[in-house]
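[1] When you get a sec, could you give me coordinates for this:
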Amino acid sequence: MKPIILILLLFLSSLGLPALAQEQQVIVPYTLADRDRTIRIEARMETLEAKMGALETKMDVKFVALETKMDVKFEAVNSRIESLIWIVGILVAMILFMFGYMIWDRRTALQPALNRATQADEKSTNLTRSLREYSKSHPDLAEILKSHGIL
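    Have a look, this model is predicted:
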């Protein structure tokens with residue numbers, strides 16, 4: 001029985017707690033000083049926003065100036081690279097021309113020597129044939145040609 005009474009008392013006491021909480025609440029009125037303080041804060045916020053807007057436009061101008069400077073520098077670098085590519089291309093073309101000229105010069109320089117060698121070979125072949133035919137009628141020449149391995 002005691003636990004039931006104890007539970008009942010706790011229940012009844014908990015019903016009265018919200019009433020006590022409402023009595024302890026204090027209503028704070030909104031005063032003219034609070035209104036003036038809010039107005040001053042709003043004015044400060046507006047000036048701060050204006051300063052931030054001016055600073056933002058200054059930063060935009062600086063970024064645009066920086067971007068144009070960077071574009072100019074990149075164009076200078078690109079033109080240098082293009083001129084370097086042209087120089088390398090000209091050098092490669094000159095080297096290829098020199099190789100072609102060397103090959104052409106070797107061929108033209110060797111051609112007369114090859115012609116003389118061909119003519120000398122034809123003359124020696126003709127001379128050998130004529131000596132063989134002449135040795136048929138002269139036995140002493142045939143002996144000489146046999147000793148040199150021509151017959």
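[2] Could you count how many residues lie near residue 57?
    10 (other CB atoms under 10 Å). (Glycine included, C-beta is placed from N, CA and C.)
[3] Would you quantify the distance from it to residue 63?
    11 Å (CB to CB, to the nearest Å).
[4] does residue 100 sit in a helix or strand, and which one?
    helix 32-137 (DSSP states H and E).
[5] Could you look up the next helix or strand downstream of that helix?
    helix 139-147.
[6] Need the pLDDT of residue 97.
    pLDDT recorded at residue 97 is 96.
[7] Please name the residues that touch it.
    By CB atoms under 8 Å, 6 or more residues apart in numbering, the contact list for residue 97 is empty.
[8] Distance check, it against residue 91.
    To residue 91, residue 97 is 11 Å away according to CB to CB.
[9] cool, residue 80 as well?
    17 Å.
[10] One more: residue 124?
    49 Å.
[11] do the same with residue 34
    83 Å.
[12] again, but for residue 64
    Distance, residue 64 to residue 91, by CB to CB: 41 Å.
[13] Can you classify residue 28 as helix, strand or coil?
    Under DSSP: H, G, I helix; E, B strand; the rest coil, residue 28 falls in the coil class.
[14] ok, it - how many residues close by?
    Counted with other CB under 10 Å, residue 28 comes out at 6.
[15] Contacts only, for it.
    Counting by CB under 8 Å, 6+ apart, residue 28 has no contacts.
[16] Low-confidence stretches in this protein?
    12-26 (pLDDT under 70).
[17] Apply 80 and report the result again.
    1-28, 151 (pLDDT under 80).
[18] secondary structure element for residue 150?
    Per DSSP H and E, there is no helix or strand for residue 150.
[19] For it, give me its contacts.
    Neighbours of residue 150 in contact, by CB under 8 Å, 6+ apart: 128, 131-132.
[20] and it, how far is that from residue 59?
    104 Å.
[21] Give me the neighbour count for residue 128.
    13.
[22] scratch that, residue 44 is what I was asking about
    Neighbourhood size, residue 44 [other CB under 10 Å]: 10.
[23] For it, give its distance to residue 55.
    Counting by CB to CB, the gap from residue 44 to residue 55 is 16 Å.
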